[in-house]
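**Q** predicted model follows, preceded by the sequence.
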Amino acid sequence: MNERRAAQRQRVFKAGTIEFDGSGVDCTIRNLSPIGAALDVASPVGIPHEITLNIASSNERQTCRIIWRKENRIGVIFAD
C-alpha cells in the first residue's frame, strides 16, 4: 500500500471541537501531523469544507480544510 501523505501522522486519542458558523461539533482526533489530522465525528453531515479545529488538551486552534470524508471520519489539512 502506497502512503500518499506528505508527512507521517502520529496516532493519538484527543478530544476536540470542530467550530464553524458560531457553532461547534465534538470530535475525537485519531491521528495528527504537523500538516493535518483525522477526526472522528458522530456525523459529517452539515460540516462545511473550511473549519476551525480546537484541540482541548493543548488549547490549540487550527484553521483547516476538509480533504476527505468517510462515514464517521474526516481528513483535514491545516491551512497556512
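**A** Structure's in. What do you need? Residues are numbered from 1 along each chain as shown.

**Q** what's the distance between residue 73 and residue 22?
**A** Applying CB to CB, to the nearest Å, the value for residue 73 to residue 22 is 24 Å. Placement of C-beta: from N, CA and C, glycine included.

**Q** and the two? which has more neighbours close in?
**A** Between residue 73 and residue 22, counting by other CB atoms under 10 Å, residue 73 is the more crowded of the two (15 against 5).

**Q** contacting residues around residue 40?
**A** Going by CB atoms under 8 Å, 6 or more residues apart in numbering, residue 40 touches 27, 28, 30, 72, 73.

**Q** give me the buried subset of those residues.
**A** 27, 30 (16 or more other CB atoms under 10 Å).

**Q** among the contacts of residue 40, which are located in strands?
**A** Judged by DSSP state E, the subset of the contacts of residue 40 located in strands is 27, 28, 30, 73.

**Q** quick one on the thing from earlier: okay, the contacts of residue 40 in JSON lines with distance to residue 65 and pLDDT next?
**A** JSON lines is the format used below for the contacts of residue 40 (distance: CB to CB, whole Å; pLDDT from 0 to 100):
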{"residue": "27", "distance to residue 65": "15", "pLDDT": "97"}
{"residue": "28", "distance to residue 65": "19", "pLDDT": "98"}
{"residue": "30", "distance to residue 65": "18", "pLDDT": "97"}
{"residue": "72", "distance to residue 65": "19", "pLDDT": "95"}
{"residue": "73", "distance to residue 65": "16", "pLDDT": "97"}
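
**Q** so which of the contacts of residue 40 is the closest to residue 60?
**A** residue 27 (13.9 Å; CB to CB).

**Q** tell me the contacts of the residue lying closest to the closest one once chain neighbours are set aside?
**A** Spatial nearest neighbour of residue 27, chain neighbours left out: residue 39 (4.4 Å); criterion: CB to CB, 6 or more residues apart in numbering. Going by CB under 8 Å, 6+ apart, residue 39 touches 16, 18, 27, 28, 29, 30, 53, 73, 74, 75, 76.
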